[in-house]
Structure formats: structure tokens, C-alpha cells
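Colleague: Quick one: sequence and predicted model below, then my questions.
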Amino acid sequence: MTGSALVLGLIAGTCTGYLVQAGREPTPLPPLSQPVLAQARGEAPAPLPASQDRRVKTDGDLRELLLKKPRGAKNTQWLKNGVRWLDLTALAETWTQPGEVFGDLVRDEFRRSVMTVWEDDGYTVEIRLTQFRQEEYTAATDATDDLQGWAEGRPNKSWAIPGTGNGRAYVMTEPEAEPGFVPQHTAEAHAWRGDIAMSVWVTGPKPVPKKKIMDVAERQMERL
């Protein structure tokens with residue numbers, strides 16, 4: 001009985017409160033404090049011309065952004081037309097652990113990749129541009145950081161690539177030697193711009209001059 005009385009008392013009190021509230025005049029709401037914004041006048045800015053709109057360039061044919069083969073250079077035997085598209089599988093196979101890299105590229109929202117190769121003055125030059133969708137994060141930056149980490153893990157001399165933020169060029173101070181092959185000297189450069197990661201490799205039987213790797217890297221970045 002005591003419990004029943006407690007429940008009935010709560011119900012009666014609640015009903016009385018509703019009746020009192022219903023008999024009161026509604027309380028007006030306070031005025032909004034949002035200021036009135038003046039409408040902008042004049043014409044909207046004109047869209048950027050295609051020559052200045054980076055997305056117009058990078059959303060087109062990615063092969064057109066590759067640095068052109070210099071005069072006097074020649075195509076290699078294994079890439080006779082000088083330019084090649086790299087799909088996800090082909091790009092992953094350029095690494096020593098393609099299965100792991102394949103998964104990383106899927107996670108990184110790989111979009112497309114192109115490469116060009118030529119032979120010049122006894123050196124082989126390879127340039128690769130890899131583009132990412134970048135809907136979740138800036139994958140081009142991460143890809144460049146990873147490649148720079150691999151380069152810095154070997155004895156080298158390195159320099160910043162002007163106008164690229166954290167882009168760097170590396171000349172390896174020890175040649176790569178494999179049984180049955182002439183030791184090869186190497187240099188490489190890695191940088192990014194927007195959603196594109198750029199890599200350059202120069203290989204030859206003689207040490208690669210700093211000027212050569214820097215020149216190729218700077219001219220390629222100018223095209224981006």
C-alpha cells in the first residue's frame with residue numbers, strides 16, 4: 001500500500017504541474033543575435049585559364065606531363081617507344097615485395113602511373129609519375145617520404161630540389177654490384193606536387209654527377 005500511494009502521489013503531482021503550465025502565457029523567445037550580412041557586389045572572379053589551372057593539367061593525359069627525351073638521347077631496348085603506362089600490378093612489381101606493395105597502393109588510393117626511359121651519354125634515365133585520388137589523405141606526400149627513406153638508408157650525398165618543399169636528390173656513393181654484371185653507379189630524386197609523386201633514377205657505369213640528377217629532377221618538376 002505504501003508503494004501504491006507513492007506512485008499515485010507522483011502521478012497527481014505531475015498532473016497538477018501540467019495544468020499550471022497550461023494556464024500560463026507562452027514566454028516569448030529572445031531575438032536572434034545574428035547580424036545581417038551585406039551581399040557582395042560586383043562580378044564573380046573569372047575562372048583560371050587552362051595554363052594556370054593545375055587540375056586541368058593533371059586530370060588530362062598524364063603522359064603529356066613527362067619530361068621529353070632530350071635531343072641526342074635514344075630509347076632503350078626494353079622500352080622502345082620510350083613511354084609506358086603502369087597499372088597497379090605493374091607498379092607493385094617494380095618492388096622486391098610486390099604483394100605487400102600491391103595492398104599498400106590499394107590503401108593509398110592509387111589512380112594511375114606513367115614512366116619514361118631513355119639512354120643519354122652512357123647513363124639510363126627513368127622518370128616515373130604516380131597519381132593518387134587523395135580522397136582520404138595526402139598519399140603523394142607519404143609515397144615520396146617512403147622513397148626518400150629507402151634512399152637515405154644507403155650511403156649517399158643529397159641535396160634539396162629547389163621549389164619543391166621537401167624534394168631531395170641523392171647520389172649514391174657506393175656502386176651496386178651483382179655477380180656477372182658491371183657495377184652500376186646510381187642517383188635518384190623524389191618529390192611531389194599536389195596528388196602526383198615524382199621519382200627519377202639515373203644509372204651508369206660511372207659515378208652520376210650531381211648536376212645531371214638535379215637537372216632532370218628540376219625540369220620534370222617544372223612540368224608539374
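Modeller: Yep, that arrived.

Colleague: Assess the claim that residue 154 and residue 172 are in contact.
Modeller: Yes. If you go by CB atoms under 8 Å, residue 154 and residue 172 touch, sitting 5.7 Å apart. Placement of C-beta: from N, CA and C, glycine included.

Colleague: Those two: who's more crowded?
Modeller: Of the pair residue 154 and residue 172, residue 172 is the one with more neighbours under other CB atoms under 10 Å, namely 20 against 13.

Colleague: residues contacting that one?
Modeller: Contact partners of residue 172, counting by CB atoms under 8 Å, 6 or more residues apart in numbering, are 154, 155, 156, 185, 186, 187, 188, 208.

Colleague: May I see those residues arranged in JSON lines, with secondary structure as well?
Modeller: JSON lines is the format used below for the contacts of residue 172 (DSSP: H, G, I helix; E, B strand; the rest coil):
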{"residue": "154", "secondary structure": "coil"}
{"residue": "155", "secondary structure": "coil"}
{"residue": "156", "secondary structure": "strand"}
{"residue": "185", "secondary structure": "strand"}
{"residue": "186", "secondary structure": "strand"}
{"residue": "187", "secondary structure": "strand"}
{"residue": "188", "secondary structure": "strand"}
{"residue": "208", "secondary structure": "coil"}
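
Colleague: where does the residue most central in space within the chain land in three-state SS?
Modeller: Nearest to the geometric centre of the chain sits residue 140, at 1.7 Å (CA atoms, centre = their mean). On the three-state scheme (three-state DSSP), residue 140 is labelled helix.

Colleague: residue boundaries of the strands in the protein?
Modeller: Applying DSSP state E to the chain gives strands spanning 83-86, 110-120, 123-132, 156-160, 168-172, 185-193, 196-204.

Colleague: What spatial separation is found between the residue nearest to residue 133 when sequence neighbours are not counted and residue 124?
Modeller: Nearest non-adjacent residue to residue 133, counting by CB to CB, 6 or more residues apart in numbering: residue 109, 4.0 Å away. Distance of residue 109 to residue 124, given as CB to CB, to the nearest Å: 31 Å.

Colleague: Isn't residue 112 up against residue 63?
Modeller: No. Using CB under 8 Å as the test, residue 112 is too far from residue 63 to be in contact (10.0 Å).

Colleague: shared neighbours, these two?
Modeller: Residues within reach of residue 112 and of residue 63 at once, by CB under 8 Å, 6+ apart, are residue 85.

Colleague: For the two, indicate the residue with more neighbours.
Modeller: Neighbours were counted for residue 112 and for residue 63 using other CB under 10 Å; residue 112 has more, 17 against 14.

Colleague: How about the more buried one: what's its closest non-neighbour residue?
Modeller: The shortest distance from residue 112 to any non-neighbouring residue, by CB to CB, 6+ apart, is to residue 131 (5.3 Å).

Colleague: How many neighbouring residues does the one you found have?
Modeller: Residue 131: 21 neighbours (other CB under 10 Å).
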